[in-house]
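Q: build me a structure from this.
(2 chains)
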Amino acid sequence: MNFQDSILKGIQDAFTSCFQTTVGLEQLSLAPTKKEFEGSYTFVVFPFLKQSQLSPEATATQLGTYLKAHLAAVKDFNVVKGFLNLVVAQEEWISLFRQVYTSKSFGQLPSNGEKVMVEYSSPNTNKPLHLGHLRNNFLGYSVAELLKAAGYEVIKANLVNDRGIHICKSMVAYQHFGNGETPTSSGLKGDHLAGKYYVLFDTHYKAQQKSLIEAGQSEEEAKKNAPLLLEAQEMLRKWEDQDSEVIALWTQMNGWVYAGFNATYQRMGVDFDVTYYESNTYLLGKDIVEEGLAKGVFFKKENGSVWVDLTDEGLDEKLVLRGDGTSVYITQDMGTADLKYQDFQINKSVYVVGNEQDYHFDVLFKIMRKLGRSYGPGLYHLSYGMVDLPTGKMKSREGTVVDADELMEEMVETAAHHTKELGKIEGFTETQATELYEMLGMGALKYFLLKVDPKKRMLFNPQESIEFQGNTGPFIQYSHARIAAILRKAEQIGVDLSVESFSNLSELAETEAALIQLLNDFERKIKQAAEDYSPAILAQYLFDLAKEYNRFYAELPIFHEKDLQLQSFRVALSLQTAKTIKRGMSLIGIQVPERM
RNA sequence: GCAGACGUAGUUCAACUGGAUAGAAUAUCGGAUUUCGGCUCCGAGGGUUGAGGGUUCGAAUCCUUCCGUCUGUACCA
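A: Numbering: from 1, shown residues only, chains lettered A, B, ... in the order given. Model prediction:
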């Protein structure tokens, strides 16, 4: 049982003893005490006045008296209105630290026997990744790592959107304007090359529309009749008929794009256990339509199209199969959901997809539940907000997107520039230096995107994101490097780091106790972050931890401390902090350096 | 039109899911190093939580009416 739970158990006993009532443990919770009051944990008694039949003050006082008398951990208490502040005994902090310090599995919760799939990234193969994808990928990767740490078995999945009219657009443009260009001949990364032709398609398509309008067509007609669009549609038909020429071009261009994506993924530091391709899955789901019709979940309209009625759930009627028998987006998604289950027998499935698709997933999940899928209740849409720029919205057509590759390169360059200026890495080989810049630049970027609650829309300010001070990745990385320096020195002069070396310790400075309280909180935060699918919770925690450590560092001497027991303890505390930072940062996909 | 999300110091974000005097960071101003890494630490100012009403011991959080921003509402994906 962890520390907070044992206090809560004590409170439960106190209720029984003082007021002859039982309250469920799940109703009880502790909050960290605010700085301006004495104590470490606070219990709010207001909700329990009915049970006690007393004033808030009297209730809190009775509970506090009981706890002080019966719990070794509670040394003292004070009552402010309905707030019961508990002061934890110093020995308790120390023994708590011993537990944390000697735990082999700290930062990894025991298996809970559940299997979850996290689908993220899901790119289109017609253009390179941009800033929005970065948020998606970092989020997905981190949520997967958090779930692992919380005891889940996790499968990371990528569903590549590699077919459809938008892919054909790049292909058509390439046929017309490509002149046989390849990534090698152009020096462009494959995904950027495909993206170039996607843009070219759009420009020429617009020009064609314009001339059609001038020739007397309405805007709507022009959009439908532009020759380039007709060609793209024709190409899609040929693709579905397995036309060898079209398939060959598709294979070639996709190959370039995958090579490009792989390079980007590698730099982002994300990976996948399984990759699904829509070119393989786009026909799935039709059998589910049959099943739904048989079960009476779906119904057929006169023209043969199949629908689901979700009006009783507060939504509309929704199409699941076209009149001509072809699939729509959701048909495929139903099929893919089943496929994932067949492949892995998952009981939870997380979709990391932007919030513009809230409605789509609402519909999809309701359908799968109506169909009685065992995994239905475990479906979850991790809906994240868009990333805005100070200049406004990103629009790919207007060229205001921030390209992922360029942004990463810029971040790393800035990190390099910054680090060279500080001149603290003499003795680094070229390779080491490059690795460090990569770590810092990517750390800054990831932290900037992950520190915000995923559900919220956020603003990306390029200048601020490259800052290295304040609530930033490099600030935390620096704290780690600083501790690493201490540990190197400790090893050099042979400081004893065993738990026994500080076994007679009895007094702590305030900042030491605060640091222990934070360290002890690590696993609770992992659990909370995993349950909420929010790396931001862990990011905030790590920032607080780094800050608290820096305060400790500024206030107390380590190697100048004459009491060897205290010295050992402080180095041990540093070591544990470094481990926690390293492990925590890895859960949000960020590496930490030994020197910087 | 309908549905949903959001609106918090100058700015970017928090607020443990209804708890104390709404906290951090940044920017601004002022301080700290005979030291183990100054990318550090300490302090100050900065708020009618978009506006009004309601619910209760207690509201940024729940309900309601406005105002504003965004997204969705395709036999597109």
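Q: enumerate the positions of whichever helix or strand A:L230 is part of that are buried.
A: Under the criterion of DSSP states H and E, A:L230 resides in helix A:227-240. Residues of helix A:227-240 classed as buried by neighbour count (16 or more other Cβ atoms under 10 Å): A:L228, A:L229, A:E231, A:A232, A:M235, A:L236, A:K238, A:W239. (Glycine included, C-beta is placed from N, CA and C.)
Q: does the third one touch A:V172 like I think?
A: Yes: the pair A:E231 and A:V172 passes the contact test of Cβ atoms under 8 Å, sitting 5.0 Å apart.
Q: hmm, who's touching the host helix or strand of A:L382?
A: Assigned by DSSP H and E, A:L382 belongs to strand A:379-384. For strand A:379-384, contacts defined as Cβ atoms under 8 Å, 6 or more residues apart in numbering pick out A:135-136, A:139-140, A:143, A:337, A:348-355, A:357-358, A:361-362, A:364-365, A:368-369, A:454-455, A:533.
Q: one more time with 7 Å
A: Strand A:379-384 has contacts (Cβ atoms under 7 Å, 6 or more residues apart in numbering) with A:135-136, A:139, A:143, A:348-355, A:358, A:361, A:365, A:368, A:454-455, A:533.
Q: filter those residues down to the buried ones.
A: If we count by 16+ other Cβ under 10 Å, the contacts of strand A:379-384 have these buried: A:135-136, A:139, A:143, A:348-355, A:361, A:365, A:368, A:454, A:533.
Q: among the residues you listed, which ones are in strands?
A: The strands, defined by DSSP state E, take in A:K348, A:S349, A:V350, A:Y351, A:V352, A:V353, A:G354 from the buried ones among the contacts of strand A:379-384.
Q: what about the helix or strand following the helix holding A:L230 and RNA strand B, touching?
A: Next along the chain after helix A:227-240, taking DSSP H and E as the criterion, comes helix A:244-268. No: Helix A:244-268 lies out of reach of RNA strand B by Cβ under 7 Å from any atom of the strand, never closer than 14.8 Å.
Q: closest point of the stretch 351-500 of chain A to RNA strand B, which residue?
A: A:G470 (2.4 Å; Cβ to the nearest atom of the strand).
Q: three-state assignment of that residue?
A: Per DSSP: H, G, I helix; E, B strand; the rest coil, the local secondary structure of A:G470 is coil.
Q: what's the local residue count around A:K196?
A: Neighbour count for A:K196, taken as other Cβ atoms under 10 Å: 20.
Q: which residues touch it?
A: Contact analysis of A:K196 by Cβ under 7 Å, 6+ apart lists A:L188.
Q: tell me which helix or strand it sits in.
A: Counting by DSSP H and E, A:K196 is part of helix A:190-214.
Q: so which elements touch whichever helix or strand comes after that helix?
A: Next in sequence after helix A:190-214, counting helices and strands by DSSP H and E, comes helix A:219-225. Helices and strands touching helix A:219-225, by 3 or more Cβ pairs under 7 Å, 6 or more residues apart in numbering; DSSP states H and E, are helix A:190-214.
Q: the helix it packs on vs RNA strand B: in contact?
A: No: applying Cβ under 7 Å from any atom of the strand, one finds helix A:190-214 out of contact with RNA strand B, separated by at least 13.7 Å.
Q: what's the angle from that helix to helix A:244-268?
A: 130 degrees (axes from the mean of the first three to the mean of the last three Cα atoms, to 10 degrees).
Q: can you list the weak-confidence ranges in chain A?
A: A:1, A:392-400 (pLDDT under 70).
Q: domain ranges for it?
A: A:3-88, A:165-260, A:404-587 (automatic domain parsing).
Q: I'd like these as JSON lines, with distance to A:V154 appended.
A: Converted to JSON lines, the domains of chain A look like this (distance: least, Cβ to Cβ, whole Å):
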{"stretch": "domain A:3-88", "distance to A:V154": "26"}
{"stretch": "domain A:165-260", "distance to A:V154": "24"}
{"stretch": "domain A:404-587", "distance to A:V154": "10"}
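Q: between the ones you listed, which gets nearest to A:S121?
A: domain A:404-587 (11.2 Å; Cβ to Cβ).
Q: around RNA strand B, pick out the residues from the stretch 201-350 of chain A.
A: So the stretch 201-350 of chain A meets RNA strand B at A:278, A:301, A:303, A:305, A:316, A:319, A:322-324, A:327-329, A:332 (Cβ under 7 Å from any atom of the strand).
Q: nearest to A:A416 among the residues you listed?
A: A:E278 (38.7 Å).
Q: distance check, that closest one against A:F468.
A: 41 Å (Cβ to Cβ, to the nearest Å).
Q: helix, strand or coil: sort out A:T59 for me.
A: Assignment for A:T59 (three-state DSSP): helix.
Q: in the stretch 151-300 of chain A, what residue lies closest to RNA strand B?
A: When distances are taken as Cβ to the nearest atom of the strand, the stretch 151-300 of chain A reaches nearest to RNA strand B at A:G164, 4.4 Å away.
Q: just list the residues touching that residue, thanks.
A: No residues are in contact with A:G164 under the rule Cβ under 7 Å, 6+ apart.
Q: if we go to 8 Å?
A: Contacts of A:G164 by Cβ under 8 Å, 6+ apart are A:L236, A:E278.
Q: A:L200 now?
A: A:A173, A:F177.
Q: what about stretch A:37-49, near RNA strand B?
A: Yes: using Cβ under 7 Å from any atom of the strand, stretch A:37-49 comes into contact with RNA strand B via A:F37, A:T42, A:V44, A:F46, A:P47.
Q: number of residues surrounding the last one?
A: By other Cβ under 10 Å, 11 other residues sit near A:P47.
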